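Q: Sequence plus predicted model, see below.
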Amino acid sequence: MYKGNERKAFQDEKDIAHVTNHGSLLYPHRLNFYDRAPLYDVSIEEFETCALDRLRILAEIESSAARNRTWEELKTVTNTQCLKYLPLHATSARTVDRDTERRKDHLGHFVLRLAFCRSEDLRRRFVKAESTLFRIRYDGDATPERELFLNSRDFNWTAVDAAEKAKYRKELFASFQGSKNESVREQAFESEKYYKVKWTRVPDLVEKRRVFLRGGWAYVPGKEQSSIVFQEFEVQLTRALEHTARSLPRIDEDTRIFPILDNLSQGFLAGVPSEWVGSGETTNVDGIKAEMVDDLAKKHYPMCMQTMHNNLRRDHHLKHFGRLNYGLFLKVLGLSIEEAIVFWRKSFDRITDDKFNKEYKYNIRHSYGLEGKRANYAAKSCQQLLSSGPGDYGCPYRHFSPENLQSALLSTYSSRGLSSSDLPEIMSTVKGTHFHVACTRVFELTHSSFGVKKGDGAGGGESITHPNQYASRSMELYKAQQENGEAMVLD
């Protein structure tokens with residue numbers, strides 16, 4: 001797929017016709033059925049970046065379903081994410097590089113096919129998210145451009161002529177959806193075009209009784225034509241994913257690509273971490289002191305870091321991976337290396353200075369990039385914590401039993417606005433394995449006094465995908481409220 005020696009010229013006779021008719025655009029339409037693979041060379045970096053940016057959008061679409069957003073809310077959030085990560089302008093927008101945008105969209109889709117074809121569950125979730133994205137783009141496309149796209153493909157529908165429409169006029173009018181005003185409805189019916197397809201291609205319209213059925217054919221009004229398009233998109237993508245799954249073993253042999261695909265396939269589990277957490281740089285320019293950590297934990301921590309902090313205070317110790325995860329979280333939150341050494345020394349108060357310096361101080365300095373290979377390590381994202389095994393350093397929403405999780409949520413967050421009546425909604429998302437959505441809902445509930453509403457997430461509707469995102473956003477809200485002269489009672 002991506003090897004130069006397998007590449008054929010893009011502009012064969014059929015392609016040249018497209019280019020000629022659309023002002024030299026290699027991708028003549030904003031909408032795409034992705035039925036032709038990208039046959040060109042790409043770098044590993046582009047391979048991964050295009051897929052990650054698209055996955056951010058698909059993961060947000062799936063989390064929106066788990067958060068029970070309305071269709072209009074979903075469209076707003078998705079369009080916002082698309083503008084940020086995957087802009088796709090109309091063909092009429094001649095001031096932007098439309099081919100570059102559409103190339104990224106094309107490549108990202110096919111990379112994610114490789115990542116999500118591995119199991120029936122991943123294929124089902126990918127098809128659902130991609131179909132939703134296609135539908136949002138279809139609805140947002142200008143009518144002339146949408147018509148050009150539809151005319152460029154053979155959807156195997158048959159236009160119903162005037163004589164046939166007149167023959168079945170009574171039956172067609174009975175299933176026609178329109179105004180409650182009979183004369184307005186009849187006028188709209190007279191101007192409506194109809195198309196015939198096999199009834200199995202529009203099961204949603206059959207279920208809703210919006211079509212007339214005769215002899216195995218469904219008579220579809222023009223305003224419901226999109227249902228045929230959406231169904232065709234889903235069917236073709238499902239078939240393509242199954243075909244890709246049969247070819248995947250050959251891809252798995254590539255040691256450059258396989259780790260990337262493996263990481264991408266976790267995207268629906270925890271979302272894709274926000275861009276700002278990609279480095280090990282602090283998110284708090286003011287910095288924090290060792291003596292401030294207990295108060296910050298009580299007010300601003302997500303459940304995973306709250307659990308680690310509580311275990312540290314209870315046992316005066318954390319195991320290696322717990323120290324690593326919590327230490328990197330504190331580093332990005334704004335705890336300097338000097339303050340980190342003070343914090344950990346006070347926390348490990350049951351050992352001698354000599355033991356601390358020999359067994360722990362080096363690792364603390366190492367995580368700050370001051371020892372060893374001096375790398376600037378990033379804090380662990382939700383996706384990374386979810387992939388950890390059960391223990392005191394993973395994700396509580398995944399690893400705690402339902403009873404323990406509910407008890408922990410109430411004991412941790414009841415003073416911040418969480419009540420037992422909120423638990424069924426949270427546990428429902430946990431049961432559906434939407435762990436980051438459950439965490440996002442907890443954030444919304446515990447920050448309602450700051451004006452955070454259901455659906456707002458960490459801001460702009462974004463889901464929580466990183467512990468530092470949760471804590472930093474909480475601290476921002478608290479600081480803004482303090483600056484406005486208000487006080488939040490947390491005790």
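A: Cool, the structure landed.

Q: From Ser414, how far out is Val332?
A: Applying CB to CB, to the nearest Å, the value for Val332 to Ser414 is 28 Å. Where C-beta positions appear, they are placed from N, C-alpha and C, glycine not excepted.

Q: could you pull out the strands for the stretch 101-250 of the chain?
A: Taking DSSP state E, counting those that start in this stretch, the strands of the stretch 101-250 of the chain run over residues 158-159, 194-198, 212-214, 217-221.

Q: Tell me the predicted confidence for the residue lying closest to Arg398 once chain neighbours are set aside.
A: Spatial nearest neighbour of Arg398, chain neighbours left out: Phe435 (5.1 Å); criterion: CB to CB, 6 or more residues apart in numbering. The score at Phe435 is 92. That number is its pLDDT.

Q: Phe435 contacts Leu386, doesn't it?
A: Yes: look at Phe435 against Leu386 with CB atoms under 8 Å: they come within range, at 6.3 Å.

Q: in the chain, what secondary structure element scores lowest on mean pLDDT?
A: In the chain, no helix or strand scores lower on mean pLDDT, DSSP states H and E than helix 13-21, which sits at a mean of 37.

Q: Beyond the strand or helix carrying Leu405, next helix or strand please.
A: Assigned by DSSP states H and E, Leu405 falls within helix 402-413. On the C-terminal side of helix 402-413, the nearest following helix or strand under DSSP H and E is helix 423-431.

Q: Buried residues of that next one, list them for me.
A: Residues Leu423, Ile426, Met427, Thr429, Val430 are the ones in helix 423-431 that count as buried (16 or more other CB atoms under 10 Å).

Q: how about a markdown table for these, with distance to Tyr195 added?
A: Listed next are the buried residues of helix 423-431 as a markdown table, based on distance: CB to CB, whole Å:
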| residue | distance to Tyr195 |
| --- | --- |
| Leu423 | 49 |
| Ile426 | 45 |
| Met427 | 46 |
| Thr429 | 40 |
| Val430 | 44 |
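
Q: about what we covered before: could you check which of Val332 and Ser414 has the larger neighbour count?
A: Comparing Val332 with Ser414 by other CB atoms under 10 Å, the one with more neighbours is Val332, at 25 against 13.

Q: Apart from its chain neighbours, what residue comes closest to that one?
A: Ala379 (4.3 Å).

Q: Nearest the geometric middle of the chain, what residue?
A: Ala59 (1.6 Å; CA atoms, centre = their mean).

Q: Report the separation between it and Ala51.
A: Distance of Ala59 to Ala51, computed by CB to CB: 12 Å.

Q: same check, this time on Arg135
A: Taking CB to CB, one finds Arg135 at 21 Å from Ala51.

Q: just checking, what packs against the longest helix along the chain?
A: Longest helix in the chain, counting residues (DSSP state H): helix 225-252. Packing partners of helix 225-252 (3 or more CB pairs under 8 Å, 6 or more residues apart in numbering; DSSP states H and E): helix 98-116, helix 120-140, strand 194-198, helix 203-207, helix 258-264.

Q: Which one, of these, ends up nearest to Trp157?
A: Checking those against Trp157 by CB to CB gives strand 194-198 as the closest, at 4.3 Å.

Q: List the neighbouring strands of that closest one plus their orientation.
A: Partners of strand 194-198 in the sheet, by DSSP bridges, are strand 158-159 (antiparallel), strand 217-221 (antiparallel).

Q: average model confidence for the last one?
A: Per-region confidence: strand 217-221 scores 95 on mean pLDDT.

Q: Pull the distance from that strand to the chain's centre.
A: 35 Å (CA atoms, centre = their mean, to the nearest Å).

Q: got the angle for it vs helix 225-252?
A: With axes from the mean of the first three to the mean of the last three CA atoms, to 10 degrees applied, the angle from strand 217-221 to helix 225-252 works out at 110 degrees.

Q: who's in contact with strand 217-221?
A: 157, 160, 168, 172, 176-177, 192-199, 201-202, 205-206, 210-213, 227-228 (CB atoms under 8 Å, 6 or more residues apart in numbering).

Q: Buried subset of the residues you listed, written for ChimeraX?
A: Only the buried entries of the contacts of strand 217-221 go into this ChimeraX selection, using 16+ other CB under 10 Å:
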select :157,160,172,176,192,194,195,196,197,199,201,202,205,210,211,212,227,228
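
Q: Give me the neighbour count for the nearest residue to Val342 once chain neighbours are set aside.
A: Excluding the flanking residues, the one nearest Val342 by CB to CB, 6+ apart is Ala290, at 4.2 Å. Applying other CB under 10 Å, we find 19 residues neighbouring Ala290.

Q: Thr80 now?
A: 15.

Q: which secondary structure elements does whichever strand or helix holds it contact?
A: Per DSSP H and E: Thr80 is located in helix 71-85. On a contact count with 3+ CB pairs under 8 Å, 6+ apart, helix 71-85 meets helix 44-66, helix 120-140.

Q: could you say which helix or strand contains Arg441?
A: Secondary structure (DSSP H and E) places Arg441 in helix 435-446.

Q: Now tell me what touches that helix from outside.
A: 63, 66-67, 269-271, 302-303, 382, 386, 395, 397-398, 409, 413, 416-418, 422, 425-427, 429-430, 452-458, 463-465, 470, 473-474.

Q: related to what we said a few turns ago, pick the most deeply packed of the helices and strands packed on helix 71-85.
A: helix 44-66 (a mean of 21; mean count of other CB atoms under 10 Å).

Q: so that helix versus helix 435-446, what angle?
A: Using the same axes, to 10 degrees: helix 44-66 against helix 435-446 is 60 degrees.

Q: I'd like the mean pLDDT over helix 44-66, please.
A: On average, helix 44-66 scores 91.

Q: And stretch 289-303, by the same measure?
A: Taken as a whole, stretch 289-303 has an average pLDDT of 95.

Q: buried residues in that stretch?
A: For stretch 289-303, by 16+ other CB under 10 Å, it's Ala290, Val293, Leu296, Ala297, Lys299, His300, Tyr301, Pro302, Met303.

Q: How confident is the prediction for the nearest residue to Leu122 once chain neighbours are set aside, by pLDDT?
A: The spatial neighbour of Leu122 that comes closest, neighbours along the chain excluded (CB to CB, 6+ apart), is Phe116 at 4.4 Å. Phe116 is assigned 93 on the pLDDT scale.

Q: contacting residues around Phe116?
A: Leu122, Arg123, Arg125, Phe126, Leu241, Leu264, Ser265.

Q: Next one: Ala162 from Asp35, what distance?
A: Ala162 is 34 Å from Asp35, by CB to CB.

Q: same question, Ile260
A: 24 Å.

Q: Can you pick out the residue with more neighbours from the two?
A: Neighbour count, other CB under 10 Å: between Ile260 and Asp35, Ile260 has more, with 18 against 11.

Q: Surely the more buried one and Thr49 touch.
A: No: in this structure, Ile260 is not within contact of Thr49 by CB under 8 Å, at 10.3 Å.

Q: now Val111, nearest residue through space, not along the chain?
A: In space, and not counting its chain neighbours, Val111 is closest to Ala51: 3.8 Å by CB to CB, 6+ apart.

Q: Hmm, Leu264 and the one you found touching each other?
A: Yes: counting by CB under 8 Å, Ala51 touches Leu264, with 5.6 Å between them.
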